[in-house]
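Chemist: Next come a sequence and a model predicted from it.
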Amino acid sequence: MTLCALTRRALLATGLVLAAGLASPARAADKLTVMLEWFVNPDHAPLVVAQQLGLFKEAGLEVTMVPPSDPSAVPRLVAAGQADIGIHYQPNLYLDHAAGIPIVRFGTLVETPLNSVIVKADGPIKSLADLKGKTIGYAVSGTETTLLGQMLAKAGLKLDDVKLVNVNFALSAALIGGKVDATIGGYRNFELTQLKLEGHPGMAFYPEEHGVPAYDELILITRRDALADSRLPRFLDAIEKAALYLTNHPQEAWKLFIAAHPDLDDALNRQAWIDTLPRFAKRPRALDTRRYERFGAFLVERGLIQKAPALAEIAGEVK
């Protein structure tokens, strides 16, 4: 075989290899696990809609959403690498830092408080001052009782002026059943509607209107050493597109949501959907440094932590 023939065969072989490469399937999507803070509900609409619209797929991601068996375990599970991303609460982020859990906030899902003090609308409590001597149910000690303490202080009361009862997550049932006179920990976009549908309309007092600094209710966390992970900016891009779609096309987005979770197609979740839409972050990667520093100072003032962490210790930006 001549040198010329060998060269032609080599070129032909190279061409076949290139052609095979062009014809091969696209690179597999990068898998990403998101641990939710609760079972799937309208608070997770940007994630579900991003999945349904194929936005994660366009970003080269295969996203799996996992409800936690223990909601309080999310930060530790993310820190241990059992999930890439977790949905968490800004107020709790400071406690996790104080406990040495190596997680950081890198995005926001719900940018306004949802937590509320809730009472029966037809009951005797018309102001926070009326809570003196009453029983208040809560689900999570620490941040919730700290928020309550500040709200009571604005009304001239102390935590010692009320009786606190841990009702776990049966907040509405405890209020309806008369076990407690009020609750802290119920969400204004969910428990209020739940009470109304049960025939016991409620009334809410909002922490940010009674001395508590505004904060992000639901944030996105990851491990500190994972901030440079190239999957995170693609995830945030998809969430941003989904949040804008929710704003522009709320009814179409609802249809996508219940197509993915038909068991949630009921009156409670339909109203929760409407009530939650204005609260989603339209710029999920944006970090409000003043808001985070202000809330850290508030927790120090209330004695929940000894020292406010530097912002870089609890939050990071992905680019």
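Modeler: Yep, it's here. Predicted model only: the values in this text are computed from it and were never measured.
Chemist: lowest confidence element among the helices and strands of this structure?
Modeler: Within the chain, judged by mean pLDDT, DSSP states H and E, the helix or strand with the poorest mean is helix 3-23; its value is a mean of 46.
Chemist: got the buried residues for the next helix or strand after it?
Modeler: Secondary structure here is assigned by DSSP states H and E; on that basis, the next helix or strand after helix 3-23 toward the C-terminus is strand 30-35. Within strand 30-35, the residues that count as buried by 16 or more other C-beta atoms under 10 Å are 30, 32-35. Placement of C-beta: from N, CA and C, glycine included.
Chemist: How about exporting strand 30-35 as CSV, limited to the C-alpha atoms?
Modeler: In CSV, the C-alpha atoms belonging to strand 30-35 read as follows (Å, rounded to 0.1, in the frame of the first residue of the first chain):
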residue,chain,number,x,y,z
ASP,A,30,-25.9,17.0,35.1
LYS,A,31,-27.9,15.6,38.0
LEU,A,32,-28.9,17.9,40.8
THR,A,33,-30.8,17.0,44.0
VAL,A,34,-32.9,19.6,45.8
MET,A,35,-34.1,18.8,49.3
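Chemist: Can you list the helices and strands that that strand packs against?
Modeler: The criterion is 3 or more C-beta pairs under 8 Å, 6 or more residues apart in numbering; DSSP states H and E, and the helices and strands that strand 30-35 contacts are strand 61-66, helix 74-79, strand 85-88, helix 231-248.
Chemist: tell me what the third one is packed against?
Modeler: Applying 3+ C-beta pairs under 8 Å, 6+ apart, we find strand 85-88 packed against strand 30-35, helix 74-79, strand 103-110, strand 218-223.
Chemist: Parallel or antiparallel, which strands does it pair with?
Modeler: strand 30-35 (parallel), strand 218-223 (antiparallel) (DSSP bridges).
Chemist: possible to save the ones you listed as CSV with distance to residue 126 and mean pLDDT?
Modeler: Below are the strands paired with strand 85-88 laid out as CSV (distance: least, C-beta to C-beta, whole Å; pLDDT from 0 to 100):
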stretch, distance to residue 126, mean pLDDT
strand 30-35, 40, 97
strand 218-223, 30, 98
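Chemist: Tell me who's in contact with the most centrally placed residue in the chain.
Modeler: Per C-alpha atoms, centre = their mean, the C-alpha nearest to the average position across the chain is that of residue 218, at 2.9 Å. Taking C-beta atoms under 8 Å, 6 or more residues apart in numbering as the definition of contact, the neighbours of residue 218 are 37, 43, 87-89, 108-110, 114.
Chemist: and of these, the nearest to residue 133?
Modeler: For the contacts of residue 218, the closest approach to residue 133 (C-beta to C-beta) belongs to residue 114, at 27.6 Å.
Chemist: still on that earlier bit, now distance to residue 252 too, for the helices and strands packed on strand 85-88, in CSV please.
Modeler: Shown next, in CSV, are the helices and strands packed on strand 85-88 (distance: least, C-beta to C-beta, whole Å):
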stretch, distance to residue 252
strand 30-35, 23
helix 74-79, 30
strand 103-110, 20
strand 218-223, 23
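Chemist: Done for today, thanks.
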